[in-house]
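Asker: have a look at this prediction, sequence included:
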Amino acid sequence: DGAISALRGRLLWFVDDPHAIGEAAHRYVEDGLLVIEGGLIKAAGEASELLPTLPAGAPITDHRPHLIMPGFIDAHIHMPQTQVVASYGAQLMEWLNKYTFVEEQKLAQQGHAEKLSAFLLDELLASGTTTAAVYCSVHKQSADAFFAESHRRNTRMIAGKVMMDRNAPPALTDTAESGYADSKELIARWHGKGRQLYAITPRFVVTSTPEQMAASQRLVAEHPDCFVQTHINENRAEIAFARELYPDAADYAGIYEDYGLLGKKSLLGHCIHMTKREWRAFAEAGAVAVFCPTSNLFLGSGLFDWQRARHESVKVAVATDIGGGTSYSMLRTMAEAYKILQLQGQSLSAFDALHAITLGNAAALGLDHLIGSFEPGREADVVVLDPAATRAMAHRLETVRDLAEELFVLVTLGDERNVVSTYVAGERLSHCSTN
Ligand code: GUN
Ligand code: FE
C-alpha cells in the first residue's frame, strides 16, 4: 500500500560518482533513516533531518546499530542445483554428467520444481539476496514454478527455462522448436508480470545445435527486452568441445555473435579463458561477463581476470553459480573473489566488493533505475546486517579503526549469519534469518 514507514540504522549505499564517470562513490549515514512509501524508497539520509518529515504515527523500525544496505544481487544461479552443491571430485564436463544432469532430471517429477524454487528463494532472502538471474531446468513447468513462487513473494527475479537439444540425457533435452515455443509461452506469461523478468537461456553451445542457436536468435529478435543468459570460456575441455562443434566460428564468443546472442542484455557466465578478440567483442557488444568465484575455485576452472575486464571496458557482474558454487551468500562470494584477485596480484576493497553486489550488479544488468541503491524511487529491497554476528567477527571488530576496515572484515568473514532482516519492496520478511 501507499503508507509511509521508515527504517533507522547505519545506511550504506552507492551512487555513480558525478565527478568521475564510471566510478562509484559510497554514501554512509551513521544515524540514518530510510523512508519507504508504496514499496519504493522515498528518501535516505540523516535521521535528524528526516524524522520531522514523517507523518504522525508512521511506523519506524529501529535497526541501530546494524547496517542497512540495498538488497544483494546474484547474477547467475541454478535453481535445479540446490542439491548438487558440494558434489565431489570432478571438473565441469564430468560434474555436469555425473551429478548435475542426474539431479536436473528430477524436476520432471510433480512438485519437485516447486520445492526447489521455494527452497532457493528462502535461502537467497536469508542471505540478503533480493534479485537473482536464475537458470531453471529444461522443463517449461520448472520456470513456471519458479516465477509463480517469486511472484507470490513479490521478489524481482530474472529467470528462464534452459534450452538444450544435444549432449545431455534424452530426458533433459528439448528441440529447437519446442524450446522456442516453450520459451515464447513463458515470456508471454511472465516477462513484466509484477517484478518478474525473462531470460532466454540456451545453456551453452555444447548443449545446443545450430538449429537451437538459430531459434534462440529468433527469440532475442522477437523479444529484445528479455535477457539472454548462458555460459562461456569456463573450462579447457568445454572450450575444445565448443570449438569442435562450431568449427567455423572465430572463437567461443564468435559462436554467440554468429547467432546474435552477444548483446547488451547478455549475461555470460565465467569468461575465464578469454582471448583478446573475445574481450573486444564483449566490449563492443556491451555484453556482461559474470564472475562466479566460488564455482571457479570449486570446479577448478581458473581465475577470472577482473583487471583485464576493466581494462577492456567490459561490464562485470558477480554471482554464486550455485550448484557449481558453494555458497548462497554474496558476502562469501566476494571474499572468494578477493582471494582469486590476490592470486593475480590484484585487490578489491570492501567498498568495491559491496558496490559490486548492489549497484554494480544492478548496473551490469541494466536495472539500476529500479534496484541496487537508496536513491528516491528505487524499489525498497533492503538487507539489514550485523557485522558482529559471530564471536570471531565481534572479536576482530574490537580492533578496527574505521568504516573501511569494519566493512572489509564483514566482506571477508561474513555470510548469511550476518543477515538480521531482509525487506522485499518495503515488506519485512519474518522467516528470513537462519540464525
Ligand atoms: N556450463 C553449462 N552448464 C553449466 C552449469 O550448470 N554450471 C556451470 N558451472 N557451468 C555450466
Ligand atoms: Fe552456471
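Answerer: Right, received. Where do you want to start? Fair warning: this is a prediction, and the values are worked out from it, not measured in the lab. Ligands and ions are numbered 1, 2, ... in the order given.
Asker: could you measure the residue of the stretch 251-400 of the chain found nearest ligand 1 against A317, distance?
Answerer: Nearest residue of the stretch 251-400 of the chain to ligand 1, counting by C-beta to the nearest ligand atom: G324, 3.3 Å away. Every C-beta, even on glycine, is put in place using the N, C-alpha and C of the backbone. In this structure, G324 and A317 are separated by 16 Å, where distance is defined by C-beta to C-beta, to the nearest Å.
Asker: and the closest residue to S208 other than its chain neighbours, how far is that from ligand 1?
Answerer: Of all residues beyond its chain neighbours, the one nearest S208 is P202 (4.7 Å), with distances taken as C-beta to C-beta, 6 or more residues apart in numbering. Computed as C-beta to the nearest ligand atom, to the nearest Å, the P202 to ligand 1 distance reads 10 Å.
Asker: what is P202 paired to in the beta sheet?
Answerer: Beta-bridge pairing of P202 under DSSP bridges involves M163.
Asker: rewinding a little: which residues does the residue of the stretch 251-400 of the chain closest to ligand 1 contact?
Answerer: Under the criterion of C-beta atoms under 8 Å, 6 or more residues apart in numbering, the contact partners of G324 comprise 78, 81, 92, 95, 292, 295, 298-299.
Asker: among those, which are in reach of ligand 1?
Answerer: Near ligand 1, judged by C-beta under 6 Å from any ligand atom, the entries from those are 78, 92, 295.
Asker: excluding chain neighbours, give the residue nearest to the second one in space.
Answerer: Take L92 and drop its neighbours on the chain: the residue closest to it by C-beta to C-beta, 6+ apart is N235, 4.0 Å away.
Asker: need the pLDDT of the one you found.
Answerer: With respect to pLDDT, N235 scores 98.
Asker: ok, it - how many residues close by?
Answerer: Close neighbours of N235, defined as other C-beta atoms under 10 Å, add up to 22.
Asker: which residues touch it?
Answerer: N235 is in contact with 91-93, 272-273, 299, 301-302, counting by C-beta under 8 Å, 6+ apart.
Asker: show me the contacts for F14.
Answerer: F14 neighbours (C-beta under 8 Å, 6+ apart): 24-27, 351, 354-355, 358-360, 372-373.
Asker: kindly recompute the last result at 6 Å.
Answerer: In this structure, F14 makes contact with 24, 26, 355, 359, judged by C-beta atoms under 6 Å, 6 or more residues apart in numbering.
Asker: assumed it was part of a strand.
Answerer: Yes: secondary structure of F14, determined by DSSP: H, G, I helix; E, B strand; the rest coil: located in a strand.
Asker: which non-adjacent residue is nearest it?
Answerer: Using C-beta to C-beta, 6+ apart and skipping residues adjacent in sequence, the residue nearest F14 is L359, 4.2 Å away.
Asker: again with L407
Answerer: L407's closest residue in space is A350 (C-beta to C-beta, 6+ apart), at 3.7 Å.
Asker: my read: that neighbour touches F408, true?
Answerer: Yes: counting by C-beta atoms under 6 Å, F408 is a contact partner of A350 at 4.0 Å.
Asker: one step back: put the buried members of the ones next to ligand 1 among the contacts of G324 into a PyMOL selection.
Answerer: When burial is assessed using 16 or more other C-beta atoms under 10 Å, the buried subset of these is captured in PyMOL by this command:
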select buried, resi 78+92+295
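Asker: can you list the residues of this structure near ligand 2?
Answerer: Residues of the chain lying near ligand 2 by C-beta under 5 Å from the ion: 269, 321.
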